[in-house]
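> Need a 3D model of the sequence below.
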Amino acid sequence: MKRNHILTAILLGLLLTLAVTVCACAAEIRPIPLDHDTLDLNNGMFCLLIRGGDGVEKTGSFIAVLYKVDQYDGEQIRAMAPGDTVYVDDRKWTVKEVKVLAYADDSDEPIDIEVCPEEDMGEDAYLGFMPGEDEGTYVAVMGDWNPVTLAGSVKVMLPLLDAFTYNLNDEEQDTDTFIANLASLSNPYNTLCFFRDGQLIWVNKYDYPHGPQGAEDGEFRETPVWKFCHGFRDGLDTAVITASKTDCEEGPIPVEITPEEAEGIRQLAMNGTVIGKANDMSVTGGTWVYSFETPGGTHLLSVELYEGLIVAADGMYSVQR
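Residues are numbered from 1 along each chain as shown. I've put the predicted structure just below:
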């Protein structure tokens, strides 16, 4: 009987040690992914960027490029602790310290959280979290702007509805002013819009904030592969991947790839970083094109490679896996 007690005590001790070890594991916090198969681009509020605005007189239309502010699970944010990693603005930050700066009235719910990361953020930089638009969520704050994720694009035909409204810095403008200023609506960090049943209902534009600042002196800024290739971030982990090889005469030729090859390309698209331009070379064949689609058939991303380099319109770029 005594031996059984000893064995039981040892087993309980091992279980307790395992539990402590599991609890001590650092958390990895990412934005809540968008589901592109169910996302309704015809209804709701989005951050906005306009393309084709300078040719609207000829085309009678423009493209509304729509973004959603990144949302984070509230329980994960409130439980964030030193050693955890949090992904904000497509970068991984290691949590050094968490400061709760403000709580909701008559509540223990934090409404202003500052995160001090191990990595250097630069002078006067700031990383924080505040409650989001959806209940139980938080949004990230980088200095004075909120990171966003590409949701998709909608073609907007003219004329707009008579009920359409355009506000510039909270001052209502007429529709002609909106059309005349389409080419200047190029910043999704300070422009909001609302769609109902596929119709553009309103646009609110502000001069501030500017969003993330580009690299100084024209220096190339390292960019995630999916963003460099103008694709969607969310859904890549479960996407169906197909491949083709380009021929200068026959065009793209479908090619079968192994599950291991597909997984390697998936990791490249999700976690690879474009680190700079390798050369100005342009080719008409011999490249490999990998396409990502959701299980529902929504196209997410295409990556074109040539001898390990990513093919772009102005040349070849090096990638770090």
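
> Centre of the chain to whichever strand in the chain runs longest, how far?
When the chain is parsed with DSSP state E, its longest strand is strand 91-103. Computed by Cα atoms, centre = their mean, to the nearest Å, the chain-centroid distance of strand 91-103 equals 20 Å.

> What are the buried residues along that strand?
For strand 91-103, the neighbour count (16 or more other Cβ atoms under 10 Å) marks Trp93, Val95, Val98 as buried. Using the backbone N, CA and C atoms, a C-beta is placed for each residue, glycine as well.

> Same check on stretch 195-212?
Quick answer for stretch 195-212 (16+ other Cβ under 10 Å): Phe195, Leu200, Ile201, Trp202, Val203, Asn204, Lys205, Gly211.

> what two of the residues you listed are the furthest from one another?
The largest separation in the buried residues of stretch 195-212, counting by Cβ to Cβ, is between Ile201 and Gly211 at 23.8 Å.

> and the next element down the chain from whichever strand or helix holds Ile50?
Following DSSP states H and E, one finds Ile50 within strand 44-51. Using DSSP H and E, the helix or strand that directly follows strand 44-51 along the chain is helix 56-59.

> which residues make contact with the next helix-or-strand element following that following helix from outside it?
Note on helix 56-59: by DSSP H and E, the next helix or strand toward the C-terminus is strand 61-69. Strand 61-69 is contacted from outside by 34, 41, 46-53, 56, 132-133, 139, 146-158, 182, 188, 193, 200, using Cβ atoms under 8 Å, 6 or more residues apart in numbering.

> Only the buried subset of those residues, as a PyMOL command please.
This is the PyMOL syntax for the buried subset of those, where burial follows 16+ other Cβ under 10 Å:
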select buried, resi 34+46+47+48+49+50+52+53+56+132+139+146+147+148+149+150+151+152+154+156+182+188+193+200
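
> In strands, which of the contacts of strand 61-69 appear?
Judged by DSSP E, the contacts of strand 61-69 include 46-51, 139, 148-157, 193, 200 as members of strands.

> Spatially central residue for this protein, please.
Closest residue to the average C-alpha location of the chain: Thr149 at 3.5 Å, with Cα atoms, centre = their mean.

> Tell me the spacing between that residue and Asp54.
Thr149 sits 26 Å away from Asp54, going by Cβ to Cβ, to the nearest Å.

> Using CSV, write down the CA coordinates of stretch 66-74.
Extracted C-alpha coordinates of stretch 66-74, given in CSV (Å, rounded to 0.1, in the frame of the first residue of the first chain):
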residue,chain,number,x,y,z
LEU,A,66,-11.1,47.1,-49.6
TYR,A,67,-9.3,46.4,-46.3
LYS,A,68,-10.4,45.3,-42.8
VAL,A,69,-8.7,46.5,-39.6
ASP,A,70,-6.9,43.5,-38.0
GLN,A,71,-8.9,42.1,-35.1
TYR,A,72,-7.4,40.0,-32.2
ASP,A,73,-9.0,37.6,-29.8
GLY,A,74,-9.7,39.5,-26.6
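
> What residues sit buried inside it?
Those would be Leu66, Tyr67, Lys68, Val69, Asp70, Gln71, Tyr72, Gly74, for stretch 66-74 by 16+ other Cβ under 10 Å.

> quick check: mean pLDDT across that stretch?
Here stretch 66-74 scores 97 as its mean pLDDT.

> Repeat that for stretch 134-154.
For stretch 134-154, the per-residue pLDDT averages 94.
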